[in-house]
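Enquirer: The following comprises the amino acid sequence and a computationally predicted model.
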Amino acid sequence: MPDHAYPDPHRLTLADLDLDSLTTDQLVSLVQNHRNGEPYPTSEQLLANLPTVLRALCDYFLSGQATPLNAAYRLASVIDAVESTQALPVPAMHRH
């Protein structure tokens, strides 16, 4: 039996999106698809890094290089990271 290699499925990109009907939820879904298999930060990591991430995002907006779509995608990435920490179980409190 011959060994047939199947091509990898098409990975959606920003270019595949319909800009006329695009929503934030669709961008967040795309971010989740791109993050598939990557661990999300813990709540503590997210909170510790959030000021740095927001400053970098603001610098990107101010750089003049940000297109509205790319800026929205990066913001959707932050939304996804924040929402993912809400889905994580809260660690039990330990008393010593």
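Expert: Arrived safely, thanks for sending.

Enquirer: make it CA atoms for all contacts and neighbour counts henceforth
Expert: Noted.

Enquirer: Tell me the secondary structure at Asp20.
Expert: Assigned with DSSP: H, G, I helix; E, B strand; the rest coil, Asp20 falls in the coil class.

Enquirer: Which residue is the nearest non-sequential neighbour of the most centrally placed residue in the chain?
Expert: With distances taken as C-alpha atoms, centre = their mean, Ser77 lies nearest the centre of the chain, 2.9 Å away. Spatial nearest neighbour of Ser77, chain neighbours left out: Val31 (5.8 Å); criterion: C-alpha to C-alpha, 6 or more residues apart in numbering.

Enquirer: That neighbour against Asp80, yeah?
Expert: Yes - applying C-alpha atoms under 8 Å, one finds Val31 in contact with Asp80, separated by 7.3 Å.

Enquirer: now the helix or strand of the chain with the lowest mean pLDDT, how far from the centre of its chain.
Expert: None of the helices or strands of the chain scores lower by mean pLDDT, DSSP states H and E than helix 68-87, at a mean of 91. Computed by C-alpha atoms, centre = their mean, to the nearest Å, the chain-centroid distance of helix 68-87 equals 5 Å.

Enquirer: quick revisit: what distance do you get for the residue nearest to Ser77 to Gly64?
Expert: Per C-alpha to C-alpha, to the nearest Å, Val31 is found 23 Å from Gly64.

Enquirer: Compare these two and say which is more crowded by neighbours.
Expert: Applying other C-alpha atoms under 10 Å to Val31 and Gly64 shows that Val31 carries more neighbours, namely 22 against 8.

Enquirer: Averaged pLDDT, the helix or strand containing the more buried one. What do you get?
Expert: Assigned by DSSP states H and E, Val31 belongs to helix 24-34. Averaging pLDDT along helix 24-34 gives 94.

Enquirer: Appreciated, that's everything.
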